[in-house]
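Novice: sequence first, predicted model second:
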Amino acid sequence: MKIFISSDIEGTCGIAGWQETSAGGIGYEYIAKQMTKEVSAVAKVALSAGAESVFVRDAHDTGCNILQKELPNKTEIMRGWTGDIYNMMSGIDMAKYGAVMMTGYHSPARSVASPISHTMQPYVESMKINGELCSEFMLNAYTAGYFGIPVCFVSGDEGICEIAKELIPEIKTAPVLKGVGGATISMQPEDALDLIKEQAEAALADEHYKKCIVELPRSFEIQINYKEHPMAYKNSFYPGAIQVSGTKLRYKSTNYIDVLRFVHFCAN
Ligand SMILES: [Zn+2]
């Protein structure tokens, strides 16, 4: 089977601040290298578990963080942004994947579980789907669910690993750091890689991944709370969107593709 990996940076072992998330920032090079090692570890596990190929989506910022030459053979990588609505899951519709795995994921906007918690763009104060705080993990897991693909592994901060288990009880997780106020506490980078390997192996062993199907809600009510009210006003002109307060926008649909389209135009 083919494996799809979506890789973010804010849940990479060792990360603590925004400056480490963008090229040119102090500490970025080191974190991008660790991000590469983490995604590479998962790709290697997938290939040795019998995957015929691995597709890696570099899903952070410019989409050009992972050092491609460090990835194993039989791995393809998508760098940059196509501009499609699948976003951090871009490429998911391009082949028939057996399982989705995620690395470097992080707690959602408004969560106290990471000093760099966020959901999509920084102007989003918080996002909710059907009343639950919405993480990038949730958005992307539902995307996988829409295509009928299980999500069997996630590494990242402790907060997102807990959220992942609530959504997909059988998912294997590798919490490699945790947030405390404005700080993070991380394990050693090599220990993080060991934990990632161990959990990724467990996710694929004995077809465990098949238990990690994502249940898609029958209907979606998505709410975005913006930090600044002009953004809510501007995006209230999106077809079907309703501005429910100064900073809040609400959108409803029974089709998840509509939700992705709304997020694409109003939170991205
Ligand atoms: Zn992110």
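Specialist: Nice, I can see it.
Novice: what's around the nearest residue to Lys33 once chain neighbours are set aside, how many residues?
Specialist: Residue nearest to Lys33 in three dimensions, not counting chain neighbours: Leu67, with 6.9 Å by Cβ to Cβ, 6 or more residues apart in numbering. All C-beta spots, glycine's among them, are computed from the backbone N, C-alpha and C. Neighbour count for Leu67, taken as other Cβ atoms under 10 Å: 16.
Novice: show the pLDDT at Leu67.
Specialist: You'll see Leu67 listed with a pLDDT of 98.
Novice: just checking, it touches Gln34?
Specialist: No. Leu67 is beyond contact range of Gln34, at 10.8 Å (criterion: Cβ atoms under 8 Å).
Novice: mind checking how far whatever residue of the chain ends up closest to the ion is from Ile160?
Specialist: Residue of the chain nearest the ion, by Cβ to the ion: Asp8 (4.3 Å). With distances taken as Cβ to Cβ, to the nearest Å, Asp8 is found 10 Å from Ile160.
Novice: need the residues touching each of these two.
Specialist: By Cβ atoms under 8 Å, 6 or more residues apart in numbering, Asp8 and Ile160 have these common neighbours: Tyr105, His106.
Novice: could I get the host helix or strand of Gln34 in PDB with only the CA atoms?
Specialist: Per DSSP states H and E, Gln34 falls inside helix 28-48. Extracted in PDB, the C-alpha atoms of helix 28-48 (Å, rounded to 0.1, in the frame of the first residue of the first chain):
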ATOM      1  CA  TYR A  28      15.000  27.500  12.400                       C
ATOM      2  CA  GLU A  29      17.700  25.400  10.700                       C
ATOM      3  CA  TYR A  30      18.000  23.100  13.600                       C
ATOM      4  CA  ILE A  31      14.300  22.600  14.000                       C
ATOM      5  CA  ALA A  32      13.800  22.000  10.200                       C
ATOM      6  CA  LYS A  33      16.500  19.300  10.500                       C
ATOM      7  CA  GLN A  34      14.800  17.600  13.400                       C
ATOM      8  CA  MET A  35      11.400  17.900  11.500                       C
ATOM      9  CA  THR A  36      13.200  16.100   8.600                       C
ATOM     10  CA  LYS A  37      14.500  13.400  10.900                       C
ATOM     11  CA  GLU A  38      11.100  12.800  12.400                       C
ATOM     12  CA  VAL A  39       9.300  12.500   9.000                       C
ATOM     13  CA  SER A  40      12.100  10.400   7.700                       C
ATOM     14  CA  ALA A  41      11.800   8.000  10.600                       C
ATOM     15  CA  VAL A  42       8.200   7.500   9.900                       C
ATOM     16  CA  ALA A  43       8.800   7.000   6.100                       C
ATOM     17  CA  LYS A  44      11.500   4.400   6.900                       C
ATOM     18  CA  VAL A  45       9.100   2.500   9.200                       C
ATOM     19  CA  ALA A  46       6.400   2.600   6.600                       C
ATOM     20  CA  LEU A  47       8.700   1.200   3.900                       C
ATOM     21  CA  SER A  48      10.100  -1.500   6.200                       C
END
